[in-house]
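Visitor: When you get a sec, could you give me coordinates for this:
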Amino acid sequence: MFIYLSKKIAIPSNVALKSISWNKNKGYIACGGNDGLLKVLRLESQSDGEVRGLAAPSSLSMNQTLEGHSDAVQVVMWNEQHVKLTTSDANGLIIVWMLHKDSKHLLFAMASGEVHIYDASGNFMSKVQTDFFSPLGKVAALTWYNGSGGSPAENANCLAICYESGKCQIMKHHMDSEPVLIDTNMNVVCADWNHNGSCLAVAGKQSPSPTEKKINVIQFFSHAGEHLRSLKVPGNNIESCSWEGGGLRIALAVDSHIYFANIRPNYKWGYCSNTVVYEYTDSSGATQVAFWDVKNMELHKKKLPSSSPLLLITAHGEYCCMAVGVNNSGAGVNNSSVIVATESARREEFTLVLYNSIGTPLESKTIYFEPQFLCMTKSLVIAANKDVFYAWQFTDPIKLMSSDVSLQASKNQLKEWLIHIDNPMRDSKAASSTSAVQDVMVTFDSWAKADRESPDSICAIAASETVLLAARSSGTINCYSLPKMSFNNKIQTDIRAYNLFINCNSTRCGILDISGVLTVWNM
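Guide: Numbers count the residues shown, from 1 in each chain. Below is the predicted model of the structure:
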């Protein structure tokens, strides 16, 4: 995910804004502020076939002032089904509530920090369990994704309760007794789910250090509570935020301005042999992978079965590799069972499939952890989760055809490595010994031994022909020599990497942090 500010709209007379709401169906933006300010704006709409999303024009097609309030408008909320707007100012009683998709429950945030549940008739039912934090403090945001845009995962979290102290709990439903707990380390002002419940935006003020002035920050979390990105926002006070209907932009009310930030998701794509490989959803809703030869303008498509979700794509040189979910019978290479069971372990299978540039599967490997990171070189595929990484030396069909070595003999020479990030493995000298080479044979027992959580998890990986880098959440970067996979050294930084890059001669690495700041480091 990459996020950047793209537009700024000034409010006349520098009136400070207090609230903002973006109608996800019709595109209207309502904002309220001091002195009874209430405006309804609308960005230019795009007709079918024209440019959409990040490249779409953002000029105003509507700028209407609504008269009626005499004091600060603190709450604005759309009824998207009937295109109605509800507003409330400081002169009246303010009740903030969110209606669940089944239209049976109302949630009220109390001044004490408790959240009460009422039925549709207004009868008190119970309290939401909120004793995970002490003290509770004041509720800054209460937002409930109503499921109208589908669900990002089975039993995904959809209810977020955020406190001014920076503590948040996100829940599957209002009676969830095991919520995901988040500490944003900032003073929370507002929060909002995106159009499909896959991302929660939490805005507030944060101090980089005890001696520095607080700045406006908006943090983005997945439905599982994983911190995705952070964005610094100029101005003195951020007051509210609201997502666009398509989830590619978010509006921020800051002082007397409206800022718009563009969101670029992590698209699944790669480039090999003059071919762009990318995932897309066709008109029937099925997932397909396109292999588009940009030189010859040829397109090859590969439909993936719904039982085998595509997780990651990477590419290098002549080939690409895809990591797919369980039961990958449609890949044409592997038709293994969903679960492997032994007396001591029961593990899900995931498959790494090597393809050429026209979508023909060449080779595959089964792994027993869900890959979160994937990269490759001309001879290696490296997959990792937060604790371990697996390296697979694959057969190069092009080199094989030009040599006298048989396919089976070539495969017998190939190696696999399974390395836990807390075990630096062996040094370069040991890697050249016969005993060390035997150590790279990966068996099912190897997966069981590597199955332990690291206190300093992997957050990014990158590889060149000679070096593999594994960045850890503490800022440490483990360096391994390729292709022997021997541990070399550690690079100590104070940066938690979001992404890693290596230059062409493996002398420098680029470290992109979670705020989008790029640092170049000499290796």
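
Visitor: Could you list the low-confidence segments of the stretch 51-200 of the chain?
Guide: Where the stretch 51-200 of the chain drops to pLDDT under 70, the residues are 51-58, 80-83, 92-106, 120-122.

Visitor: how about the strands in it?
Guide: Counting by DSSP state E, counting those that start in this stretch, the stretch 51-200 of the chain has strands at residues 60-65, 73-79, 84-89, 97-99, 105-109, 115-119, 124-127, 139-144, 159-163, 167-171, 180-183, 187-193, 199-206.

Visitor: These: which one's closest to Glu298?
Guide: Evaluated with CB to CB, those place strand 199-206 nearest to Glu298, the distance being 35.4 Å. Bear in mind the C-beta positions are built from the backbone N, C-alpha and C, glycine included.

Visitor: ok so, going back, with mean neighbour count and distance to Thr314 as extra columns, can I get the strands of the stretch 51-200 of the chain in CSV?
Guide: Conversion of these to CSV gives the following (neighbours: other CB atoms under 10 Å; distance: least, CB to CB, whole Å):
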stretch, mean neighbour count, distance to Thr314
strand 60-65, 11, 41
strand 73-79, 20, 41
strand 84-89, 16, 46
strand 97-99, 15, 40
strand 105-109, 20, 43
strand 115-119, 16, 43
strand 124-127, 12, 47
strand 139-144, 22, 35
strand 159-163, 25, 33
strand 167-171, 23, 30
strand 180-183, 15, 29
strand 187-193, 22, 30
strand 199-206, 24, 23
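
Visitor: could you redo the ones you listed as TSV and give each row distance to Ala471?
Guide: Below are these laid out as TSV (distance: least, CB to CB, whole Å):
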stretch	distance to Ala471
strand 60-65	42
strand 73-79	42
strand 84-89	46
strand 97-99	38
strand 105-109	39
strand 115-119	38
strand 124-127	42
strand 139-144	32
strand 159-163	29
strand 167-171	26
strand 180-183	22
strand 187-193	28
strand 199-206	23
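
Visitor: Of these, which is nearest Gly225?
Guide: Proximity to Gly225 (CB to CB) singles out strand 180-183 among those, at 3.6 Å.

Visitor: Render the CA-only coordinates of the closest one in PDB, please.
Guide: The C-alpha trace of strand 180-183 is given here as PDB (Å, rounded to 0.1, in the frame of the first residue of the first chain):
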ATOM      1  CA  VAL A 180      -7.700  -7.500  18.300                       C
ATOM      2  CA  LEU A 181      -6.100  -4.900  20.500                       C
ATOM      3  CA  ILE A 182      -4.100  -2.000  19.000                       C
ATOM      4  CA  ASP A 183      -2.000   0.800  20.500                       C
END
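
Visitor: Helices along the stretch 351-500 of the chain, start to end?
Guide: 397-401, 407-412, 428-431, 434-438, 444-450 (DSSP state H, counting those that start in this stretch).

Visitor: rank those helices by pLDDT, which is bottom?
Guide: For the helices of the stretch 351-500 of the chain, the weakest mean pLDDT is recorded on helix 434-438, namely a mean of 36.

Visitor: Show the contacting residues for Phe220.
Guide: By CB atoms under 8 Å, 6 or more residues apart in numbering, Phe220 lies in contact with Met1, Ile3, Cys199, Leu200, Ala201, Val202, His227, Leu228, Arg229, Ser230, Leu231, Ile263.

Visitor: show me the contacts for the last one.
Guide: Just to be clear, that refers to Ile263. Ile263 neighbours (CB under 8 Å, 6+ apart): Met1, Phe2, Ile3, Cys199, Phe220, Gly247, Leu248, Arg249, Ile250.

Visitor: Please, which helix or strand holds the spatially most central residue of the chain?
Guide: Nearest to the geometric centre of the chain sits Leu228, at 4.9 Å (CA atoms, centre = their mean). Leu228 belongs to strand 227-233 when elements are defined using DSSP states H and E.
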